[in-house]
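Novice: here is a sequence with its predicted model. Questions after.
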Amino acid sequence: MLDMPAIRNDLKTVYDLAPNPDLAAHMQAEYARMSRVISPADWAIHAPYVAAINALKRERNAAILAHNYMTPEIFHGIADVVGDSLQLAIEATKTSADVIVQCGVHFMAETSKILNPAKTVLMPDMDAGCSLAESITPEGIAQMRARYPGAPVVSYVNTTAAVKAASDICCTSANAVQIIRALEAETIIMTPDQYLAQNVAALVPEKRIVWWEGSCIVHEQYTAQDIRDFRDWNPGTRIIAHPECPPDVVAEADFSGSTAGILDYVSRERPARAMLVTECSMASNISDAHPDVEFIGPCNMCPYMKKITLEKVLWCLHTMTTQIEVEAEIAAKARLAVQRMIDLSAQKA
Ligand code: 13P
Ligand code: SF4
């Protein structure tokens, strides 16, 4: 675990990180992207960190890849690339930066390293895990292969490098249906998200999909009754659910898609009111770009995603720690599974 008091003291000896309304006023371009969700007083607190991180990024030739669930000051203030898991994996193959800072969870940083073995990939907090990635090991994959001989294994990117290496191909929530349809086998093993697997199975009835019993601690909390109660309380609200939600929740929703799919849907449809059945920061991050859409509803936080803060990003760029390492043999096998996914999604796009 990071020793935050010590880190804070060290940072203060090098950077002036006191709240700074004057600096905040000079950084209006950055603030304009988040002014509906961050108050001027909070911006004065964030601005010195944002300025210091952006200066260090240039010094180190670093790129920050940030997931859609990062807090708005990270998402809008310091990220070079934002997106869902698929977009971040694709962008990781394209960056010319020497250093990648992954603002997201550990499996995302590992994916960037797998795709860029020669680059330095930094993770601001190694404890930013994922309940899905923690639910399965290579032994679990071997058990599934023994139970369903000959069935290919499609692993969600929310897995460790070792699990990816033991899989035939990866998928994300954005391309899972395409990947499953493209495989010739009739029986397909999907790991580790039971709900993503069940949601895909409903859309691809011609395949027999078997799954591992993992789940996301954020999305599994929603129930179909919650959605029905919400509709009664707020009729006319467009309900948009991530496919990591249980199938009866997805069935009650107006649309289901990856975090990038959710953003596309909102941009296209511009509903007057929307409830995003996903992680809390998603609505905050797209709120300024959609002032005509009122986002209402629950706010479930991912405790892993929320471990990433401006302070930790500054620390990791300042000290160039902590670096992601993936053992070469595992990385080579995992790269095949991830690259197959990227190639197949490009064909289908
Ligand atoms: P997306 O690929 O849709 O961004 O999902 C990643 C994730 O962890 C959702 O919980
Ligand atoms: Fe994992 Fe769920 Fe958090 Fe996404 S939201 S990182 S799936 S625990």
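Specialist: Here it is on my side, so go on. Ligands and ions are numbered 1, 2, ... in the order given.

Novice: isn't residue 211 right up against residue 198?
Specialist: Yes: between residue 211 and residue 198 there is a contact under Cβ atoms under 8 Å: 7.0 Å. Yep, even glycine has a C-beta here, placed from its N, CA and C like the rest.

Novice: please say which of the two ends up with more neighbours.
Specialist: residue 211 (20 against 17; other Cβ atoms under 10 Å).

Novice: could you find the closest non-adjacent residue to the more buried one?
Specialist: Leaving aside its chain neighbours, residue 211 sits nearest to residue 197 (3.5 Å; criterion: Cβ to Cβ, 6 or more residues apart in numbering).

Novice: can you give me the distance of the one you found to ligand 2?
Specialist: 14 Å (Cβ to the nearest ligand atom, to the nearest Å).

Novice: from residue 328, how far off is that residue?
Specialist: Taking Cβ to Cβ, to the nearest Å as the measure, residue 197 falls 31 Å from residue 328.

Novice: does the residue nearest to residue 211 sit in a helix, a strand or a coil?
Specialist: Using DSSP: H, G, I helix; E, B strand; the rest coil, the structure places residue 197 in helix.

Novice: could you dump the helix or strand hosting residue 284 to CSV, C-alpha only?
Specialist: Per DSSP states H and E, residue 284 falls inside helix 281-287. Extracted in CSV, the C-alpha atoms of helix 281-287 (Å, rounded to 0.1, in the frame of the first residue of the first chain):
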residue,chain,number,x,y,z
SER,A,281,-18.0,9.0,-12.9
MET,A,282,-19.3,8.1,-16.4
ALA,A,283,-22.2,10.6,-16.2
SER,A,284,-19.9,13.3,-14.7
ASN,A,285,-17.4,13.0,-17.5
ILE,A,286,-19.9,13.4,-20.3
SER,A,287,-22.1,15.9,-18.6
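
Novice: any idea how far it is from the chain center?
Specialist: Here helix 281-287 is found 13 Å from its chain centre; the criterion is Cα atoms, centre = their mean, to the nearest Å.

Novice: what do you get for stretch 138-149?
Specialist: With Cα atoms, centre = their mean as the basis, the mean position of stretch 138-149 lies at 27 Å from the chain mean.

Novice: next one: stretch 274-283
Specialist: Worked out by Cα atoms, centre = their mean, stretch 274-283 lies 13 Å from the chain centre.
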